[in-house]
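Enquirer: Just need the structure, nothing else, for what follows:
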Amino acid sequence: MKQIERITHGDKLLAIVVRHDFHRDGIEFFTPGELSQQLAYMNRPKGYVIPAHIHNKVVRNVVYTQETLGIKSGSVRGDLYDNDCEYVSSRTLGAGDVILLAGGGHGFEML
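Expert: The predicted structure follows:
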């Protein structure tokens with residue numbers, strides 16, 4: 001199972017899955033710059049300081065509200081659909097996994 005998975009349909013990003021066992025030193029951003037939200041992972045040593053900062057102002061036209069889900073316990077099957085609600089793919093997510101739903105449709109079944 002991949003630790004990071006970008007699920008696409010054609011050229012459209014539907015979701016990004018970050019598995020609980022992903023580990024890397026430093027910081028990694030998983031989302032492309034055109035999304036209105038950022039999903040990142042950070043692993044820094046004790047005492048590391050990120051100075052106070054603000055992000056660059058970027059004017060965006062947000063058309064859809066998207067979701068990011070963190071699975072705290074148990075497992076869930078996430079079903080991904082295109083914009084016409086046609087089934088594309090499913091992923092099973094477990095405790096500690098994160099999924100950013102970036103496009104298309106989705107449904108869930110608790111397992």
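
Enquirer: Quick check: closest non-adjacent residue to Gly107.
Expert: What sits nearest to Gly107 in space, not counting adjacent residues and going by Cβ to Cβ, 6 or more residues apart in numbering, is Asp79, at 4.5 Å. Any C-beta I mention is one placed from the backbone N, CA and C, and that applies to glycine too.

Enquirer: how close does the one you found get to His106?
Expert: 6 Å (Cβ to Cβ, to the nearest Å).

Enquirer: Looking at those two, which has the bigger crowd around it?
Expert: Between Asp79 and His106, counting by other Cβ atoms under 10 Å, His106 is the more crowded of the two (19 against 14).

Enquirer: In contact with that one, which residues?
Expert: By Cβ atoms under 8 Å, 6 or more residues apart in numbering, the contact set of His106 is Leu14, Ala15, Glu67, Gly78, Asp79, Leu80, Tyr81.

Enquirer: out of those residues, which are buried?
Expert: Leu14, Ala15, Gly78, Leu80, Tyr81 (16 or more other Cβ atoms under 10 Å).

Enquirer: Dump these into CSV; add secondary structure and distance to Arg24 as well.
Expert: Output for those, formatted as CSV (DSSP: H, G, I helix; E, B strand; the rest coil; distance: Cβ to Cβ, whole Å):
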residue, secondary structure, distance to Arg24
Leu14, strand, 24
Ala15, strand, 20
Gly78, strand, 24
Leu80, strand, 25
Tyr81, strand, 31
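
Enquirer: Just give me the closest of the residues you listed to Arg91.
Expert: Gly78 (5.2 Å; Cβ to Cβ).

Enquirer: That closest one contacts Gly94, doesn't it?
Expert: No: using Cβ atoms under 8 Å, Gly78 makes no contact with Gly94, being 11.4 Å away.

Enquirer: residue nearest the centroid of the protein?
Expert: Centroid-nearest residue in the chain, with Cα atoms, centre = their mean: Leu100, separated by 2.5 Å.

Enquirer: that older thread, who's in contact with the residue nearest to Gly107?
Expert: Tyr87, Ser89, Ser90, His106, Gly107, Phe108, Glu109.
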